[in-house]
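Asker: Turn this into a structure:
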Amino acid sequence: MTRVDEIVAELAALEDPKARAVNERHGDPHGVNLTKLRALAKSLGTDRELAGELWDSGDVAAQLVALLIAKPKQFTADELDAMLRTARSDKAHDWLLNYLVKKSPHAPALRERWWGADDPRVRAAGWALTTHAVTTADLDRDALLDTIAREMRDAEPKLQWAMNETLATIGIEDESRRARAVAIGEDLQVLADYPVSKGCTSPFAPIWIAEIVRRREA
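Answerer: Sure thing, here's the model as predicted:
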């Protein structure tokens, strides 16, 4: 049995059917408690080679462990691109972006590579990087708002969510474009009915923008 086989078996032993049922509803087909998964990853230490082998195993929980034992600068742009396209769950997709890609020197190039992808999940990654860069890079915010107004309503859910984050970020950070961002959100009504727990802010862009601006000005 290889080291990868051993780790996959350890993860399988941690499976909780109830946790899997909840996770599957959110696009993450595994049943491993994340605290236990993180503890296992911590015991492995940083290991780029093992991370690659765990990712290539295709096991959902193993891919999450892989992301926890790797460092951003250990990957080329092509490697990160291949990982994104083979992510087996929404959480692996999001962790890959947040833990590796956004901290990688290849992030700007990957944003441009993914921006016009045919696969909506890959394109969503391009929008996630756009949200990350919209306040620091010289991006055409008016063009971004034009695209959002034209495409967000009918976008695939993950892509729609990423575009909505860009819309809200522009509205929050750019006072001169805030009214337009709010108007686009009001017109499209994307995520207007999204269920929100008490004390949390709605992802509906007009509400999100108003709440963050209020907090900053308080």
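Asker: can you give me the strands in the protein?
Answerer: Applying DSSP state E to the chain gives no strands.
Asker: Which residue ranges of it form helices?
Answerer: Ranges of helices in the chain, per DSSP state H, are 3-13, 17-25, 34-44, 48-56, 60-68, 77-85, 90-95, 107-115, 120-133, 141-151, 157-173, 175-188, 205-217.
Asker: Can you tell me what sits against the third one?
Answerer: Pointing back at helix 34-44 there. With C-beta atoms under 8 Å, 6 or more residues apart in numbering as the contact definition, helix 34-44 has outside contacts at 7, 10-11, 14, 50, 61, 64-65, 68-69. Heads up, the C-betas are built off the backbone N, CA and C, glycines and all.
Asker: Buried residues of the helix or strand of the chain with the lowest mean pLDDT, list them for me.
Answerer: Here the helix or strand of the chain ranked lowest by mean pLDDT, DSSP states H and E is helix 17-25, holding a mean of 90. Neighbour counts using 16 or more other C-beta atoms under 10 Å place 19-20, 23 of helix 17-25 among the buried residues.
Asker: any idea how far Ala107 is from the residue nearest the centre of the chain?
Answerer: When C-alpha atoms, centre = their mean is applied to the chain, the residue found nearest the centroid is Asp94 (3.0 Å). Here the criterion is C-beta to C-beta, to the nearest Å. By it, Asp94 lies 15 Å from Ala107.
Asker: Give me the residue ranges of the protein where confidence is low.
Answerer: The chain contains no residues with pLDDT under 70.
Asker: on that earlier part again, of the contacts of helix 34-44, closest to Asp146?
Answerer: Leu64 (36.4 Å; C-beta to C-beta).
Asker: thinking again about what came up before, relative to Asp146, how far out is the residue nearest to the centre of the chain?
Answerer: 26 Å.
Asker: Same check on Ala39?
Answerer: 46 Å.
Asker: and if you look at Pro120?
Answerer: Distance of Pro120 to Asp146, computed by C-beta to C-beta: 19 Å.
Asker: quick one, which of these two is more surrounded?
Answerer: Taking neighbours as other C-beta atoms under 10 Å, Pro120 and Asp146 compare with Pro120 leading, 16 against 13.
Asker: Now for Val134: which residues touch it?
Answerer: By C-beta under 8 Å, 6+ apart, Val134 lies in contact with 141, 144, 166, 169-170, 173.
Asker: run the last query once more with 6 Å
Answerer: Neighbouring residues of Val134 by C-beta atoms under 6 Å, 6 or more residues apart in numbering: Thr169.
Asker: Pro105 versus that one, what's the distance?
Answerer: Per C-beta to C-beta, Val134 is found 19 Å from Pro105.
Asker: Lys91 now?
Answerer: Computed as C-beta to C-beta, the Lys91 to Pro105 distance reads 24 Å.
Asker: Can you get me a residue count around the closest residue to Leu54 other than its chain neighbours?
Answerer: Leaving out its chain neighbours, the residue that sits closest to Leu54 by C-beta to C-beta, 6 or more residues apart in numbering is Ala66, at 3.9 Å. Neighbourhood size, Ala66 [other C-beta under 10 Å]: 29.
Asker: I am finished for the moment; much appreciated.
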